[in-house]
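[1] got a sequence here, can you model it:
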Amino acid sequence: MDEPLFKLGSISGEEIAPVRYTNTFGFERTRGVDRLRISAEEAPLSLLWKLAFQLTPPFFVLYVLHTSRCGHQLGRYQSPLQQFEAVNAFMAEFCSYLTDDGRHDLWLHSPGSNATLVWDRHDLIYAYGPLNQFLAVLEDSHSEGNVAGPPDPHVHVYHPRYDESERKILKHFAWHHSPLTESERQF
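    Residues are numbered from 1 along each chain as shown. As a prediction, this is how the structure comes out:
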């Protein structure tokens, strides 16, 4: 039987175990902007998509590659504006890779809603924009509270089985690439 795949692990001695969160959200203020910080027990990509349904298409997709096992240029890969169906197809095609591998972040931005959703490599979601609409999605499944961050120490897991997905995702859209800033570099 195959070992379960996960993107973020906690370290205890020589053991690495998947990090598990609870269904929690909290309000945060960053640079004068309120946002929600959200953790999910399971299926964070599904939750991200439910939150995206609250927004007006089209979307920019931003794929942030922090670590490459294939020699690709690290950086921000921004798509041209995409309709809902194209973003849905993208998420469906790369669901396992985005969920189980820790080399990236995924952002969705809706100019029409002036809103951004960020799913980071620590498996946390940040929601900027119409917070009340996002709360309506969360009210049945999440409780308000302190959203724990990743444990210290922790490890990001990069699975060789997803190397082909890394290659394919970088060909999926006509991405505009920009390098990571020093503050965005993560290892």
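[2] can you pull the contacts of the residue most central in space within the chain?
    Nearest to the mean C-alpha position of the chain, counting by C-alpha atoms, centre = their mean, stands residue 119 at 2.2 Å. Residues near residue 119 by C-beta atoms under 8 Å, 6 or more residues apart in numbering: 44, 45, 48, 98, 105, 106, 107, 125. All C-beta spots, glycine's among them, are computed from the backbone N, C-alpha and C.
[3] burial of the residue lying closest to the last one once chain neighbours are set aside, as a residue count?
    Going back to what we said before, that points to residue 125. Leaving aside its sequence neighbours, residue 125 sits nearest to residue 38 (C-beta to C-beta, 6 or more residues apart in numbering; 4.2 Å). A count of nearby residues for residue 38, using other C-beta atoms under 10 Å, gives 25.
[4] any idea what residue 38 is bridged to?
    Beta-bridge partners for residue 38, by DSSP bridges, are residue 25, residue 125.
[5] can you offset everything so residue one is 528?
    Understood, numbering begins at 528; the last thing we discussed is residue 565.
[6] look up how far residue 546 lies from it.
    For residue 565, the distance to residue 546 (C-beta to C-beta, to the nearest Å) stands at 15 Å.
[7] same check, this time on residue 641
    Separation of residue 641 from residue 546 (C-beta to C-beta): 32 Å.
[8] the more surrounded of these two?
    When residue 641 and residue 546 are compared for neighbours, residue 546 comes out ahead with 19 against 12, by other C-beta under 10 Å.
[9] can you name the residues bridging to the spatially closest residue to the more buried one that is not a sequence neighbour?
    Nearest residue to residue 546, sequence neighbours excluded (C-beta to C-beta, 6+ apart): residue 535, at 4.5 Å. Under DSSP bridges, the beta-bridge partners of residue 535 are residue 683.
[10] ok, now which ones touch residue 535?
    545, 546, 629, 648, 649, 650, 677, 681, 682, 683, 684.
[11] pLDDT score for it?
    For residue 535, the model assigns a pLDDT of 95.
[12] same check, this time on residue 711
    So residue 711 comes in at 72 (pLDDT).
[13] so residue 633: helix, strand or coil?
    Here residue 633 is strand, with the state taken from DSSP: H, G, I helix; E, B strand; the rest coil.
[14] name the SS class of the spatially closest residue to residue 607 that is not a sequence neighbour, please.
    Nearest non-adjacent residue to residue 607, counting by C-beta to C-beta, 6+ apart: residue 701, 6.0 Å away. Following three-state DSSP, we place residue 701 in the coil state.
[15] surely residue 701 meets residue 606?
    Yes: Residue 701 lies in contact with residue 606 (C-beta atoms under 8 Å); the separation is 7.4 Å.
[16] neighbour count winner among those two?
    Using other C-beta under 10 Å as the criterion, residue 701 and residue 606 rank with residue 606 on top: 21 against 7.
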